[in-house]
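Novice: fold the following and give me the result.
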Amino acid sequence: MSRWCACLTADDPAGQVAAMGGRPVRTRDGRHALGLLDGPGAATGPYRVGDVHAIGEVTLHNAPELRSRLGADGAPGDCSDGELLLRAYVRFGAAGLAAADGMFALAIAERDELVLVRDHMGARTLFHARAGTGDRAAWAASTSLRALQRWPALDTGLHLPAVRSFLTFAYLPGRETLLRGIHEVLPGRCVRLKPDGSTVEETYWEPAEVADERPAAEHARELRELLESATARRLPAAEPVGVLLSGGVDSSLVTALAAKLHDQAVRSYSISFGGDAPNELAYSGLVAAHCHTEHQVLTVPGEAVAARLPETVALLDSPVGDPLTVPNLMLAEAVAADGMSVVLNGEGGDPVFGGPKNLPMLIHELHRDEPGVDSRARAYVDSYRKCHGDLPVLLTPGALAELADAPPVTDLLTPYLSQGRMTGLLNQLLHTNLRTKGAHHILTKVERITASQGLEGRAPLFDRAVVDHAFRVPPRLKLAGTSEKWILKEAVRDLLPPTIVDRPKSGMRVPVQQWLDGPLRELGHDLLLGRSARARGLFREDTIRSWLRREGTLLPRQGGKLWLVLTLELWLRSFEVGA
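Specialist: The predicted model follows:
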């Protein structure tokens, strides 16, 4: 298991890769070096096609189709997924990347450029940084943020606008990272890093709205076929598969399809928080019995969350303020302990087919007085209900002064919420959800946590063909009145009990406040009021003390906001980021 790094420079590229912790391999031209890093990941390589070299973390779900497109002479039968993707790129360019379906982050040494490729949905992360200018410019790239942080040529540190973004969204929704000068490649993009320090970004795939007024039954039938194909292509050959089962319709339909299509055992896994904590075990148990899976319920006590939160946060290249991170890690451990290499999940139903975030935004649209996309973007930010409104009393005066001239966080949303590829508001919202929370929260969390246990977490609902179809379905069939994800439910109605298909979404109710008042109380006070936090100078101590005492107007979402601040502090300590 490993990750990769790469360098483009006239000044000892192999030495630069070695300094990042990589085992360097120079390419023929002498300006590039590629290297594998120790750490949880799926990196292989380098691969070579003619004079083009590459290294990557590549899992293809449609390798047979790519081989067929390349022909017998274009792709040896024993070549790896990474080499196959490189061959598709060398032969067809961006069209070859678009034809692929899978999880990949690839670095290509081509002529005098370093070309970075991230998969359609963003299942695997990819970062790059530049040092120097003009003829002395140097580029480094990696699937590991820590590797770039170690690059001696880079002068980096805390990127304060990203702090504001994280406290607003609970993740980082665009190119920015928490480290100054390090940027993330967006999904569906091919970025060319040039020796003069410039970049050229090409979009090889982006979902597009297509008017398709076929009857609902035809849309449902085609969607069902695509869901079956997406699930089948993600099932491991000749071994059992795990499925994370919450009891909601998304994870339930993936469980049902896996049970129907797989010729090996299907094992499902659910979470309980024990005691009197609310749970959905009745629903997940019903689905497991209906689908005849081998079912396991994992109890996650608050003490385990407190003990394992620092190590879990440290696994993530960018922090995710999701209280399910530790339970997700413990689930991954349970799946790996059962000897499996692949675990499926139901992620993707909400951002792709219209989950609960969209109805409040549509209501807002009916009543807003201010025209233009800025008002819509502000309403989207407000709908997160995180710390954005609290920033004036949460951040120190010094931090606020530094942010005074920074672009507003709504700039991260306006490209998706304005008229463009999507004409209707619902599709604009879904596009926003897919390209922000989908890529930078959901998939990022799944990939890093499962990889830490030697697993691949695969999401059939984020399949490229499924997403393409979702934007052909008329909006009225996705949000039918107040029925969310209507077309998705119709496509799988025969697979599941009506109780599961027709139940309203409630989400995983996590006892965050109980943890903060109990097993996490000491850790929270030590971290947020300790010397390191004070030295960093981000948060006002009086506000943190008030929040820890549950005072003021912060209720009722106090626990979630404190969780964000605690997660951020843990991440900054793990990456040793100072003031």
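
Novice: now do the helices in the stretch 251-400 of the chain.
Specialist: Defined through DSSP state H, counting those that start in this stretch, the helices belonging to the stretch 251-400 of the chain, from first to last, are 281-291, 302-314, 325-337, 349-353, 358-367, 373-384, 391-394, 397-403.

Novice: can you give me the helices in the stretch 101-250 of the chain?
Specialist: Using DSSP H, counting those that start in this stretch, the helices of the stretch 101-250 of the chain run over residues 145-149, 160-169, 216-233, 249-261.

Novice: adding distance to residue 483 and mean neighbour count, write those out as CSV.
Specialist: For every residue, glycine as well, the C-beta is placed using N, CA and C. What follows is the helices of the stretch 101-250 of the chain, written out as CSV (distance: least, CB to CB, whole Å; neighbours: other CB atoms under 10 Å):
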stretch, distance to residue 483, mean neighbour count
helix 145-149, 41, 22
helix 160-169, 27, 22
helix 216-233, 12, 18
helix 249-261, 11, 24
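
Novice: what sits against the nearest residue to residue 232 once chain neighbours are set aside?
Specialist: In space, and not counting its chain neighbours, residue 232 is closest to residue 261: 4.9 Å by CB to CB, 6 or more residues apart in numbering. By CB atoms under 8 Å, 6 or more residues apart in numbering, the contact list for residue 261 reads 228, 231-232, 235.

Novice: which residues in the stretch 51-200 of the chain form strands?
Specialist: 52-60, 102-110, 113-118, 127-131, 138-142, 182-184, 189-193, 199-203 (DSSP state E, counting those that start in this stretch).

Novice: hang on, the earlier thing: reformat the helices of the stretch 101-250 of the chain as CSV; add distance to residue 58 and mean pLDDT.
Specialist: Shown next, in CSV, are these (distance: least, CB to CB, whole Å; pLDDT from 0 to 100):
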stretch, distance to residue 58, mean pLDDT
helix 145-149, 18, 96
helix 160-169, 28, 96
helix 216-233, 15, 98
helix 249-261, 23, 97
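
Novice: can I get the helices of the stretch 251-400 of the chain in JSON lines with mean neighbour count and mean pLDDT?
Specialist: Conversion of the helices of the stretch 251-400 of the chain to JSON lines gives the following (neighbours: other CB atoms under 10 Å; pLDDT from 0 to 100):
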{"stretch": "helix 281-291", "mean neighbour count": "19", "mean pLDDT": "94"}
{"stretch": "helix 302-314", "mean neighbour count": "18", "mean pLDDT": "95"}
{"stretch": "helix 325-337", "mean neighbour count": "21", "mean pLDDT": "97"}
{"stretch": "helix 349-353", "mean neighbour count": "27", "mean pLDDT": "91"}
{"stretch": "helix 358-367", "mean neighbour count": "14", "mean pLDDT": "71"}
{"stretch": "helix 373-384", "mean neighbour count": "18", "mean pLDDT": "85"}
{"stretch": "helix 391-394", "mean neighbour count": "16", "mean pLDDT": "95"}
{"stretch": "helix 397-403", "mean neighbour count": "14", "mean pLDDT": "95"}
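
Novice: among those, which comes closest to residue 144?
Specialist: The closest of these to residue 144 is helix 302-314. By CB to CB, the value is 12.3 Å.

Novice: and that closest one, how far from the chain's centre?
Specialist: Relative to its chain's centre, helix 302-314 lies at 20 Å (CA atoms, centre = their mean, to the nearest Å).

Novice: what sits up against that helix?
Specialist: If you take CB under 8 Å, 6+ apart as the criterion, helix 302-314 is touched by 273, 319, 323, 325-327, 329-330, 449, 511, 514-515, 518-520, 523, 566-567, 570-571, 573-574.

Novice: make a ChimeraX selection of the buried ones in these.
Specialist: Here is the ChimeraX command that selects the buried residues among the contacts of helix 302-314 (16 or more other CB atoms under 10 Å):
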select :273,319,323,325,326,327,329,330,449,511,514,515,519,520,523,566,567,570,571,573,574
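
Novice: tell me the spacing between the residue nearest to residue 389 when sequence neighbours are not counted and residue 169.
Specialist: Closest residue in space to residue 389, ignoring its immediate chain neighbours: residue 382 at 7.4 Å, by CB to CB, 6+ apart. Plainly put, residue 382 is 12 Å away from residue 169 if you go by CB to CB, to the nearest Å.

Novice: now swap in residue 571 and tell me
Specialist: In terms of CB to CB, residue 571 sits 15 Å off from residue 169.

Novice: residue 465 against residue 226, yeah?
Specialist: Yes. Judged on CB atoms under 8 Å, residue 465 makes contact with residue 226 at a distance of 5.2 Å.

Novice: need the residues that contact the least confident helix or strand in the chain by mean pLDDT.
Specialist: The helix or strand of the chain with the poorest confidence is helix 358-367; it has a mean of 71 (mean pLDDT, DSSP states H and E). Applying CB under 8 Å, 6+ apart, the contact partners of helix 358-367 are 376, 379-380, 383, 425-426, 429-430, 433, 479, 482, 484.

Novice: can you show me the helices along the stretch 401-550 of the chain?
Specialist: Using DSSP H, counting those that start in this stretch, the helices assigned to the stretch 401-550 of the chain run over residues 414-417, 425-433, 443-451, 464-470, 475-478, 486-491, 498-501, 512-517, 521-528, 531-536, 541-548.

Novice: can I get these in TSV with mean pLDDT and distance to residue 2?
Specialist: What follows is these, written out as TSV (pLDDT from 0 to 100; distance: least, CB to CB, whole Å):
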stretch	mean pLDDT	distance to residue 2
helix 414-417	90	34
helix 425-433	92	32
helix 443-451	95	10
helix 464-470	97	26
helix 475-478	92	40
helix 486-491	96	37
helix 498-501	94	40
helix 512-517	89	34
helix 521-528	90	31
helix 531-536	83	31
helix 541-548	91	39
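
Novice: for residue 177, which of these is the nearest?
Specialist: helix 443-451 (11.5 Å).

Novice: can you tell me how far the residue located most distally from the centre of the chain is from residue 404?
Specialist: Distance from the C-alpha centroid of the chain peaks at residue 73, with 36.0 Å (CA atoms, centre = their mean). Distance, residue 73 to residue 404, using CB to CB: 60 Å.

Novice: gap between the residue nearest to residue 389 and residue 354?
Specialist: From residue 382 across to residue 354, the span is 20 Å (CB to CB).

Novice: same deal with residue 141?
Specialist: 35 Å.

Novice: likewise residue 245?
Specialist: Counting by CB to CB - residue 245 and residue 354 are separated by 22 Å.

Novice: residue 532 too?
Specialist: For residue 532 relative to residue 354 (CB to CB), the value is 43 Å.
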